[in-house]
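1. Output the structure for:
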Amino acid sequence: MQVAKILGVPFKTSGFEETVTHLTGRIDAGDRTHVVTANPEVVMVARSNPHFRAVLDQAYVVPDGIGIVYAARWLNYPMRERVTGIELMTALMERANAYGWSVYLLGASPDVIGKAASTLSTQYPQSRIVGVRDGYFCKEEEAAIVEDIAAKRPDLLFVALGSPRQDEWIHTYWEQIQVPLAMGVGGSFDVLAGAVKRAPLIWQKMHVEWLYRLISQPSRWRRQLAIPQFVAAVLREKWTQRMQS
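-> Residues are numbered from 1 along each chain as shown. From the prediction side, this is the model:
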């Protein structure tokens, strides 16, 4: 599987269906995988956070954002499409339903994660939700949470603690939890719970979900500043490549 280095972050270049098939195969083969869904904002955080950058270097990073796909093309990498977090989570839940996999949910508020668990149990009745824990815990409670995950041995662990915390948390406890696949899912539980609406399909097809979220949640404007910074950094890297060729 090819890798595209976008500002130093190693992205898998496979399309959505190929990614789902590959991850399913890894689970069947017993190859443990930490999946990170990264957009331009995540890349920019990694540039200023060496610890998070190290986490990404060891993870299975997929392009959750059309900006990553465009950047890959500018830098001459063969990346066809984005692999969004909520769609990847949904696809993995479909596999869990087909194969009877067990699932553990960690993160979000107590109300949100309860509704998300109910939604997943209804939509994927052959999967098994073996653990549900909200994200409102202190450092002293983490050992008990890790022990609970390890004891329940889920096939899939979905963690919604926000980025970069969710992936740093998975990385920190990777050896203790021993799950086949763990993935940070950001706001996916909020969408499943109905607390946040995803952009309409036409916005998704036009690749402007980020604009829909900004209009719906104006408080996100500071986070969106990462997008022009990302574009500028990629263009500088492309110029450097040209000068060196």
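
2. Quick one: classify the residue nearest the centre of the chain as helix, strand or coil.
-> Residue closest to the mean C-alpha point of the chain, counted by C-alpha atoms, centre = their mean, is T37 at 3.0 Å. Secondary structure assignment for T37 (DSSP: H, G, I helix; E, B strand; the rest coil): strand.

3. Tell me how far it lies from A151.
-> Going from T37 to A151 by C-beta to C-beta, to the nearest Å gives 27 Å. Backbone N, C-alpha and C define where each C-beta goes, glycine included.

4. can you check V9 too?
-> With distances taken as C-beta to C-beta, V9 is found 34 Å from A151.

5. For the helix or strand encompassing R26, buried residues please.
-> For R26, the host element (DSSP states H and E) is helix 16-29. Going by neighbour count (16 or more other C-beta atoms under 10 Å), the buried part of helix 16-29 is F16, T19, V20, H22, L23, T24, R26, I27.

6. Spatially nearest residue to R133, not counting backbone neighbours?
-> The shortest distance from R133 to any non-neighbouring residue, by C-beta to C-beta, 6 or more residues apart in numbering, is to L106 (5.0 Å).

7. what's whichever strand or helix holds that neighbour in contact with?
-> Per DSSP H and E, L106 falls inside strand 102-107. Strand 102-107 is contacted by residues 93, 96, 113, 116-117, 120, 127-135, 145, 149, 152-161, 166, 179, 185, 189 when judged by C-beta atoms under 8 Å, 6 or more residues apart in numbering.

8. which is the next helix or strand following that strand?
-> helix 110-123.

9. Return the mean pLDDT over that following helix, rounded to an integer.
-> Averaged across helix 110-123, pLDDT comes to 97.

10. what comes up buried for it?
-> V112, I113, G114, K115, A116, A117, L120.

11. Compile these into JSON lines and extend it with columns for distance to F230.
-> Below are the buried residues of helix 110-123 laid out as JSON lines (distance: C-beta to C-beta, whole Å):
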{"residue": "V112", "distance to F230": "29"}
{"residue": "I113", "distance to F230": "31"}
{"residue": "G114", "distance to F230": "35"}
{"residue": "K115", "distance to F230": "33"}
{"residue": "A116", "distance to F230": "30"}
{"residue": "A117", "distance to F230": "34"}
{"residue": "L120", "distance to F230": "32"}
